[in-house]
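**Student:** Below are the sequence and a predicted model for it; my questions follow.
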Amino acid sequence: MKKFLLKRWHGLHMILAFILCMILLAVLSIYNWSIALLGVFALLALAGFIYKAEQAFRADLQQYILTLSHRVKRAGDEVLNEMELGIVLYSEEKRIEWYNPYMLALTDQESLSGQDLMDVIPQLADLTPGEKKCEITMNKRIYEVLVHAEERLLYFTDVTEFRELELRYHQEKVVFAIIHLDNLDEVSQVMDEQSRSLMLTNVTGAIKEWAQKYKIYLRSTASDKFLAVMDEGTLQQALDTGFDILDVVREMTANNKIPITLSIGVGAGDEEFLKLGEMAQSSLDIALGRGGDQAAVKQGEKMTFYGGKSNAVEKRTRVRARVISHALRDLILESDKVIVMGHRFPDMDCIGSSIGILKAVHANQRDGFIVLDKVNPSIERLMAVISEHETLPEYFISPDQALAMTTSRTLIVLVDTHRPSMAIEPKLLQLTSRVMVIDHHRRSEEFVEDPVLIYIEPYASSTCELVTELLQYQSEKFTMDSLEATALLSGIVVDTKSFAFRTGARTFEAASFLRRNGAEPTMVQRMLKEDLPQFIKRSELMQNTEILFDIYAVAVGSEDESYSQMMIAQTADSLLTISGIQASFIVAQRHDESIGISARSLGDINVQMIMEQMGGGGHLTNAATQIKEMSLDEVVKQLKSVIYEYHEEGSSTK
């Protein structure tokens, strides 16, 4: 090309010289025409030479271009044949018309011409119409496929090394975990020093052996707490085994009066160590709030739980109750008013605990109110008794009234739930930063944002039990009205099924305190009595019962009939009285047009884990959920699927 440029440059010089000569001859002809004539002949000879030179240049350039085009075409053919890029052209009938040699190596075949594309590469059958890019796996290699549907053209690029590098990058990300011995203090109180040291050595040894098995860096930060550092690959191995260390430690100390259990909080999916530490601590708080004996794993925004097979162990000390009670009193005194709110469709426990908190507010000489939208059948009789009271009715307000009177200094006390979506009026929680949570349900991923005080104890029978203990530390001269004490007692009676389930020593102590302050058990029984039509309707609901695996009872309500939440719950309790049944589930249409599920168990089956799969929650022996935008049949089908999965997992671990 450089040679052609030089020739062109010389040609231009010659043309310029020719023009200059013409100008000189024109001037010379004025003075001497004979000499000018000779110059004309010389100039014509020069023009002929320039013409021939130009013709030769054009011929050489044309030959060069033809040669270059051939070289480019040959290079293109070599690229198509030798580069590591598969190319396939196919017909409208999806038969291969043309392919480059790389496709033969990719498919391990001698020829592809005329073959059906889906027979050669069946992975493309999953390609959705309009999709322009996908990944397939062939012969243990990963290929990225670019689709040009209009040209019926496919490009195959091997991205195996890139995907392996990407996987390795994710697997080597750092993960923080905090391991906590849930009840070391409670266990230590009933053991001598030698037995305690031996037990702690065995438990610590098991944890260290587990960490060494998975190559986890472990460092003790306190007598009951460890910091663990691992990578994502190791975390996945622990997830695949369901954090088996939880079962190992529980079974190791099963013969103790109070077995040791572990809680593990894991933070993963972030590159900042500070953020990972915060996620691990937050996960541990959630695991402890759910009763312990489980691992809470937070990977980015996703939270998953493992374990939680045992019930929460009742705490023997009341130190935490006393501390929370004093903190509650300080919050009440610092507020302009207190608004108590429970969950939607409140039950006896919700109303009873709300009345208890209202009593604490009035004992500290502050204004307090209870938010109630409408009365449902489960609290109808209690509210009828309250309506006859001298002062209590005036403290019940509607959600709109609560929204109008709430200020930045108002204290909102959320009782019997910790999930904003379950609150009677979630907007209230956004109007003030002063929110306290009192609940006895296992903590879920959804939680009130930045509460000023949290009192969640899954071991407790009811929220009324927790509130009753708080009231005992409010004032030395504390007294209660008979109806207030009875309302609290009714919540305990309902949630414990008349002290038959989830009942500990502190439950009876709380009931004893309420009885001393005028609670009337006979009034509680009158409020819990069932009308004959309701009894018949509940019996009809039990008739449509299916037994799964000889231990699960699933009853389904009529599609054209609605049931109260209380009736659904009572029917679930009744099914547990059938011989051989270890867990019961009632699925029925509620009055709010959602599908309600009440789940009960005798303790061997964790119905809370089953209900969490359905979007609900609760306790190991008592859980529920409400589902919208699904039909009754769809909910029943999903519930059975979850039960099957739970049963198979339980059978495989035995």
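**Tutor:** Looks like it came in fine. Residues are numbered from 1 along each chain as shown.
**Student:** For the residue nearest to residue 445 when sequence neighbours are not counted, name its beta-bridge partners.
**Tutor:** Distance criterion CB to CB, 6 or more residues apart in numbering; nearest residue to residue 445, sequence neighbours excluded, is residue 303 at 4.2 Å. C-betas here are computed from N, CA, C, even on glycine. Bridge pairing for residue 303 (DSSP bridges) gives the partners residue 298.
**Student:** how about residue 303, what does it touch?
**Tutor:** 283, 286, 296-297, 445 (CB atoms under 8 Å, 6 or more residues apart in numbering).
**Student:** One more pass at 10 Å, please.
**Tutor:** Residues in contact with residue 303 (CB atoms under 10 Å, 6 or more residues apart in numbering) are 266, 279, 282-283, 286, 296-297, 444-446.
**Student:** would you list those residues in TSV and tack on neighbour count, distance to residue 384 and pLDDT?
**Tutor:** Listed next are the contacts of residue 303 as TSV, based on neighbours: other CB atoms under 10 Å; distance: CB to CB, whole Å; pLDDT from 0 to 100:
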residue	neighbour count	distance to residue 384	pLDDT
266	30	49	93
279	25	48	90
282	17	44	86
283	28	45	88
286	22	39	81
296	28	42	89
297	25	47	91
444	21	33	77
445	16	38	76
446	12	33	82
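**Student:** so what's the residue nearest to residue 445 scoring on pLDDT?
**Tutor:** Model confidence at residue 303, given as pLDDT, is 81.
**Student:** Looking at the contacts of residue 303, which two lie furthest apart in space?
**Tutor:** The most widely separated members of the contacts of residue 303, counting by CB to CB, are 266 and 446 (18.7 Å).
**Student:** hmm, back to that, now the contacts of residue 303 as JSON lines including distance to residue 598 and secondary structure?
**Tutor:** Output for the contacts of residue 303, formatted as JSON lines (distance: CB to CB, whole Å; DSSP: H, G, I helix; E, B strand; the rest coil):
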{"residue": "266", "distance to residue 598": "32", "secondary structure": "strand"}
{"residue": "279", "distance to residue 598": "34", "secondary structure": "helix"}
{"residue": "282", "distance to residue 598": "31", "secondary structure": "helix"}
{"residue": "283", "distance to residue 598": "29", "secondary structure": "helix"}
{"residue": "286", "distance to residue 598": "24", "secondary structure": "helix"}
{"residue": "296", "distance to residue 598": "26", "secondary structure": "strand"}
{"residue": "297", "distance to residue 598": "29", "secondary structure": "strand"}
{"residue": "444", "distance to residue 598": "17", "secondary structure": "coil"}
{"residue": "445", "distance to residue 598": "22", "secondary structure": "coil"}
{"residue": "446", "distance to residue 598": "20", "secondary structure": "coil"}
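**Student:** in the stretch 501-650 of the chain, which spans are helices?
**Tutor:** 505-516, 521-528, 532-543, 565-575, 607-613, 632-652 (DSSP state H, counting those that start in this stretch).
**Student:** now the second one: how far from the chain's centre is it?
**Tutor:** Relative to its chain's centre, helix 521-528 lies at 42 Å (CA atoms, centre = their mean, to the nearest Å).
**Student:** for it, packing partners?
**Tutor:** Counting contacts by 3 or more CB pairs under 10 Å, 6 or more residues apart in numbering; DSSP states H and E, helix 521-528 packs against helix 348-363, helix 380-387, helix 482-496, helix 505-516.
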